[in-house]
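Undergrad: here is my input; please provide its structure:
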Amino acid sequence: MRYLIIASLLAPLPWSVSAAPTWQVISSEPGKRIELDRTSLKRDGNAVQAQGRVVLEKELIDAKSGAGYRVIEAITRYDCGTRNANTIKRIFKKNESDIIREEDIKGVELPVRSGTLDDKVLREVCRPPKDAPADVAKKANEAGAELKAANEAVLKKEMAKAEKPTPIKTADTPAKEAEHSAIPSIRPNLKAALEASREPQKEAARETPPPPPAAKPPAPAPVAAAPKAQTIVVHTPPAPAAKPRKAARSEGYMLELARSEPAVQHAHIHWDYEGPGGPENWGRLDPQNKLCATGERQSPIDIKDGIKVDVEPIKFKYQPSTFRIVDNGHTVQVQVGEGSISLTGKTYELVQFHFHRPSEEKVNGQRFDMVVHLVHKADDGQLAVVAILLERGTENPFIQTLWNNMPLEKNSPVAPPSTLVDLNTLLPTSRNYYTYMGSLTTPPCSEGVLWLVMKQPMQVSPEQINIFSRLYRNNARPIQSAAGRLIKEGR
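TA: Predicted coordinates for the structure are as follows:
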């Protein structure tokens, strides 16, 4: 009986507090669409919090839960002034309603790069809200009243001057001139007043819509006569419409940017490969780096004791393009044009590639002279790193082109306007590889990274190795425990 009474009391209560999201499509591309919940926008000065989502056509597998998902929702805080963003929470869903996994993200604000999906979201949420029709009409009426009062004041002032003219001596002017100037006319003053009154009207017209015509006596214009404007409902997460600095080619959807950015921008994190900032202290340098000390799937590892299977071929989609090279204080890093890899029905866009000396990973206990890591990112935020081992041998033309354009100073990028590079020439002839799940090899050591280590090494000359060694004698993280992880080896 008690439950029936409670139910009857709750029945009439409004449920608008937990209103369902109203999703608006802001970008639609092959295989996915990006949507924004307008009712979730929360504004605080230049900051906007918003809830967005990526809806995928094909189901993907969540690396942590092993379940399939097609929807990724996220709550992100955007700074419209600095064009930065910080993802707060991410939700993986099988469909519109079935939640697979939720995760709170303790990230930092990261720049949003122009032209990315993140940029589209930021521009949308940072767009200033429009006034309601009633507000527009009110402002127009107020502006009209202010203009009228200003005009009347100017006319009264000029009329007062005309009624008390300053005496003019005819002896001081020629006869004809004195004849016309002895009694100043009111007309010139009225003309000046009219001209003066028109100026503020022109200026105000630029700022506000013209007021509706008024009858005699003047009456406020009805709301219906005012210009129409769309109403935007303010709710939970606000987001800016202008792109933050960046995110800078697309880092991918801002829902996932917080996870992948450390792989893109090393120079702004205070850590090193030796001394107080060395790998043994990474976990203590910043609370966000705790996985560097406590993670159970860290990279690099000694790749051995893998199971030999027929691994799926990696589909590389690289093409010749210009490039941008920078010495960021931790490595030499390069960005090129469009490029991607596909594996297990999932596409990973190329973000950047960089070098380590010696190779960070070992293969059956053996280190190589160098390694290049090609960092890719999928729409759901997962990273995939292709590692190409480099051994001492003949000169590598691809790497020589990069070294020819090496920046003279750290953090000063060089982007040759007409020099092209083709990443396909860096790939080994045999595309067989080792694969395992690991982490970033730099702080914050985020886990869930798919590693694809090519089995066949490429050659690089001693001179090319020495050039890199003059910049970085050792920029390789020590080997981490494999901790019983499954390693697959293509046979």
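Undergrad: tally of neighbours for residue 285?
TA: 18 (other CB atoms under 10 Å). C-beta coordinates here come from the backbone N, C-alpha and C atoms, glycine included.
Undergrad: touching, it and residue 443? I think so.
TA: Yes. Residue 285 lies in contact with residue 443 (CB atoms under 8 Å); the separation is 7.0 Å.
Undergrad: which residues are common contacts for those two?
TA: Listed contacts common to residue 285 and residue 443 are residue 271; contacts here mean CB atoms under 8 Å, 6 or more residues apart in numbering.
Undergrad: now do the nearest residue to residue 361 once chain neighbours are set aside, the pLDDT please.
TA: Using CB to CB, 6 or more residues apart in numbering and skipping the chain neighbours, the partner closest in space to residue 361 is residue 300 (4.1 Å). At residue 300, the pLDDT value in this model is 98.
Undergrad: what residues are up against residue 300?
TA: The neighbours of residue 300, taking CB under 8 Å, 6+ apart as the test, are 360, 361, 362, 438, 441, 476, 477, 479, 480.
Undergrad: which one of these is nearest to residue 149?
TA: residue 441 (70.0 Å; CB to CB).
Undergrad: what's the neighbour count on the residue nearest to the closest one when sequence neighbours are not counted?
TA: Closest residue to residue 441 apart from its sequence neighbours, by CB to CB, 6+ apart: residue 477 at 4.6 Å. When neighbours are counted by other CB under 10 Å, residue 477 registers 22.
Undergrad: my guess is residue 477 meets residue 442, correct?
TA: Yes. Using CB under 8 Å, residue 477 is in contact with residue 442, at 7.2 Å.
Undergrad: distance check, residue 354 against residue 38.
TA: For residue 354, the distance to residue 38 equals 40 Å [CB to CB, to the nearest Å].
Undergrad: residue 356 now?
TA: Applying CB to CB to residue 356 and residue 38 gives a distance of 45 Å.
Undergrad: let me see the contact set for the nearest residue to residue 439 once chain neighbours are set aside.
TA: Leaving aside its chain neighbours, residue 439 sits nearest to residue 447 (4.4 Å; criterion: CB to CB, 6+ apart). By CB under 8 Å, 6+ apart, the residues touching residue 447 are 291, 295, 296, 297, 298, 437, 438, 439.
Undergrad: got a markdown table for these, with secondary structure, neighbour count and distance to residue 122 too?
TA: Formatted as a markdown table, those follow (DSSP: H, G, I helix; E, B strand; the rest coil; neighbours: other CB atoms under 10 Å; distance: CB to CB, whole Å):
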| residue | secondary structure | neighbour count | distance to residue 122 |
| --- | --- | --- | --- |
| 291 | helix | 19 | 28 |
| 295 | coil | 21 | 31 |
| 296 | coil | 12 | 35 |
| 297 | coil | 19 | 32 |
| 298 | coil | 24 | 33 |
| 437 | strand | 16 | 31 |
| 438 | strand | 24 | 31 |
| 439 | strand | 25 | 28 |
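Undergrad: biggest separation within those, which pair?
TA: Between any two of the contacts of residue 447 (CB to CB), the greatest distance is 13.6 Å, for 291 and 437.
Undergrad: residue 92: neighbour count?
TA: 23.
Undergrad: could I get the full set of strands for the stretch 1-150 of the chain?
TA: 23-29, 32-44, 47-61, 68-79, 84-93, 99-104, 110-111 (DSSP state E, counting those that start in this stretch).
Undergrad: remind me which residues of the stretch 151-300 of the chain are low pLDDT?
TA: Along the stretch 151-300 of the chain, the parts satisfying pLDDT under 70 run over 158, 161-269.
Undergrad: at 90 instead, please
TA: For the stretch 151-300 of the chain, applying pLDDT under 90 flags the ranges 151-270.
Undergrad: quick check on residue 356 and residue 38: which one has the bigger neighbour count.
TA: residue 356 (27 against 19).
Undergrad: so the chain: which segments form each domain?
TA: Per the record, the chain has its domains at 20-126, 133-174+185-225, 297-490, by automatic domain parsing.
Undergrad: can you list the neighbours in contact with stretch 327-337?
TA: Defining contact as CB under 8 Å, 6+ apart, one finds that stretch 327-337 is touched by 249, 265-267, 271-273, 318-319, 321-326, 350-356, 402, 406-407, 409-412, 421, 423, 442, 468, 471-472, 475.
Undergrad: among these, which ones are in strands?
TA: Judged by DSSP state E, the contacts of stretch 327-337 include 318, 323, 324, 325, 326, 350, 351, 352, 353, 354, 355, 356 as members of strands.
Undergrad: per-residue pLDDT, the first one?
TA: Residue 318 is assigned a pLDDT of 97 by the prediction.
Undergrad: bridge partners for it, pull those for me.
TA: Assessed by DSSP bridges, residue 318 has beta-bridge partners residue 339.
Undergrad: pull up the gap between it and residue 434, please.
TA: Distance, residue 318 to residue 434, by CB to CB: 21 Å.
Undergrad: same thing with the fifth one?
TA: Separation of residue 326 from residue 434 (CB to CB): 29 Å.
Undergrad: repeat that for the third one.
TA: Noted for residue 324: a distance of 30 Å to residue 434, by CB to CB.
Undergrad: those two: which is more packed in?
TA: residue 434 (20 against 15).
Undergrad: residues in contact with the more buried one?
TA: 303, 306, 363, 451, 452, 453, 455, 487, 488, 489, 490 are the contacts of residue 434 under CB under 8 Å, 6+ apart.
Undergrad: circling back to that earlier point, so which of the contacts of residue 447 comes closest to residue 370?
TA: residue 438 (19.2 Å).
Undergrad: now do the helices in the stretch 351-491 of the chain.
TA: Assigned by DSSP state H, counting those that start in this stretch, the stretch 351-491 of the chain shows helices spanning 397-404, 462-471.
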